[in-house]
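J.: Next input, structure requested:
(one chain, ligands or ions: 1)
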Amino acid sequence: MSGIEAHLRELIALEGPVTIERYMSLCLQHYYATRDPLGARGDFTTAPEISQIFGELLGLWAAEVWMAMGSPSQCRLIELGPGRGTLMADALRAAKVLPAFKAALSVHFIETSPTLRERQRAALAPSGVAVFWHDRVEDAPAGPAIIFANEFFDALPVRQYIATERGWCERLVGLSDAGLTFGLSAEPERTLTQAPHRLGDVLEIPTASIGIAGTLARRLSSDGGAALFIDYGYWGPAFGDTLQALHRHAYVDPLHEPGEADLTTHVDFHWLAKAGIDGGASFHGPVTQAAFLTALGIETRARSLKQRATEQQAADIDSAVRRLTEPGEKGMGELFKVLALSHPDLEAVPGLPKGRFSKAES
Ligand code: SAH
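T.: Next up is the predicted model:
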């Protein structure tokens with residue numbers, strides 16, 4: 001039994017079943033603190049690890065946003081959950097095309113994992129830009145900022161509620177003779193007003209993500225700047241259980257070997273947009289990752305890289321671009337969505353149309 005499973009069993013035996021949110025939170029803390037989860041030998045791979053073009057295009061996106069902000073002489077480049085630091089390293093290399101932009105930057109990583117902080121330090125060393133680490137978004141210093149979060153929100157805990165005859169009951173993790181098992185709260189949550197389509201519907205509320213998006217929005221609306229969120233997910237509201245566990249690139253039971261698999265949910269971007277509006281920011285998008293990267297010129301960048309490449313390298317570039325933009329199961333192009341929040345004065349950000357809620361959604 002893994003160390004965290006023994007701890008969970010003890011906790012449940014003592015205090016009773018825990019919420020999905022608490023379960024995810026305990027598992028994820030252990031998971032991220034004890035490994036580098038990325039790459040072929042880890043549990044999953046992300047866009048910046050697939051191609052340098054991803055981070056480069058985001059660096060150019062940031063440069064354009066910085067100009068639209070009025071080219072402030074100091075700008076914080078903040079990244080939430082930067083993994084191996086690859087996205088930021090590629091973005092800073094691309095930022096060289098605008099020396100005044102690069103000179104204005106300091107990098108602020110929001111990262112809880114000591115293992116990954118070390119990898120990030122090594123990845124950013126050649127950039128020559130000052131890098132700072134913080135545990136929480138609130139700890140990053142004030143001032144104009146451009147913020148990235150790629151595959152960050154999917155890694156935050158959510159609450160889940162199931163439609164029963166009694167109303168919305170919270171999904172819990174309890175203990176049976178067979179081990180950890182899903183359960184339901186006895187009392188319904190009466191503050192939820194959503195009407196389910198049918199009994200058994202699952203409502204996911206990303207409380208942690210809503211909190212963080214709200215904090216970012218308040219910061220952007222007072223100090224200026226924009227935040228770019230990229231993740232797999234959808235534009236809700238919608239019902240469904242999207243909790244999943246990945247171990248060595250394969251799906252496993254989320255209750256199996258707690259703390260050893262990557263636990264995630266699909267991101268409902270409408271919550272992030274709503275938190276943005278409530279915090280005084282505007283939102284842009286969402287669009288698919290394919291549409292976003294195409295608008296930023298992924299094809300042109302790939303062509304220019306291929307001019308200096310061997311035949312094998314050129315084939316690798318083509319296959320990476322396909323993986324980032326293709327629809328369906330194999331590609332990330334359609335499953336992944338892109339949303340930005342910004343100071344309300346930023347009328348447009350590259351690659352994303354101005355976002356709007358329909359009457360029914362707001
Ligand atoms: N953005 C990277 C890595 C995604 S994995 C990429 O695209 O490759 C998720 C990242 O979020 C990891 O760096 C992990 O350590 C970090 N993370 C997870 N939960 C966090 C939390 N609550 N606060 C800060 N960072 C967190």
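J.: can you pull the contacts of the spatially most central residue of the chain?
T.: The centre of the chain sits closest to Phe152, judged by CA atoms, centre = their mean, with a distance of 2.5 Å. By CB atoms under 8 Å, 6 or more residues apart in numbering, the contact list for Phe152 reads 80-81, 229, 231. Just so you know, the C-beta spots here come from the backbone N, C-alpha and C atoms, and that holds for glycine as well.
J.: hmm, try it at 10 Å
T.: 79-83, 110, 209, 212, 229-231, 267 (CB atoms under 10 Å, 6 or more residues apart in numbering).
J.: mind listing the strands for the stretch 201-350 of the chain?
T.: 202-205, 225-234, 244-247, 250-252, 262-264, 267-268, 282-288, 336-342 (DSSP state E, counting those that start in this stretch).
J.: Up against the ligand, what does the protein have?
T.: Residues of the chain lying near the ligand by CB under 6 Å from any ligand atom: 28, 32, 38, 46, 48-49, 81-83, 87, 110-113, 116, 150-152, 155.
J.: Just the buried subset of those residues, written out for ChimeraX, thanks.
T.: Remark: buried members of those, expressed as a ChimeraX selection using 16 or more other CB atoms under 10 Å:
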select :28,32,38,46,48,49,81,82,83,87,110,111,113,116,150,151,152,155
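J.: I'd like to know which of the residues of the chain next to the ligand are part of strands.
T.: Using DSSP state E, 110, 150 are the members of the residues of the chain next to the ligand that sit in strands.
J.: Out of the residues of the chain next to the ligand, list just those in helices.
T.: Taking DSSP state H as the definition of helices, these contribute 28, 32, 48-49, 87, 116.
J.: Now pLDDT too, for those, in JSON lines please.
T.: Below are those laid out as JSON lines (pLDDT from 0 to 100):
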{"residue": "Leu28", "pLDDT": "95"}
{"residue": "Tyr32", "pLDDT": "93"}
{"residue": "Pro48", "pLDDT": "98"}
{"residue": "Glu49", "pLDDT": "97"}
{"residue": "Leu87", "pLDDT": "98"}
{"residue": "Leu116", "pLDDT": "94"}
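J.: Reformat the residues you listed into a markdown table and put distance to Asp262 next to each item.
T.: What follows is these, written out as a markdown table (distance: CB to CB, whole Å):
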| residue | distance to Asp262 |
| --- | --- |
| Leu28 | 8 |
| Tyr32 | 9 |
| Pro48 | 17 |
| Glu49 | 14 |
| Leu87 | 18 |
| Leu116 | 13 |
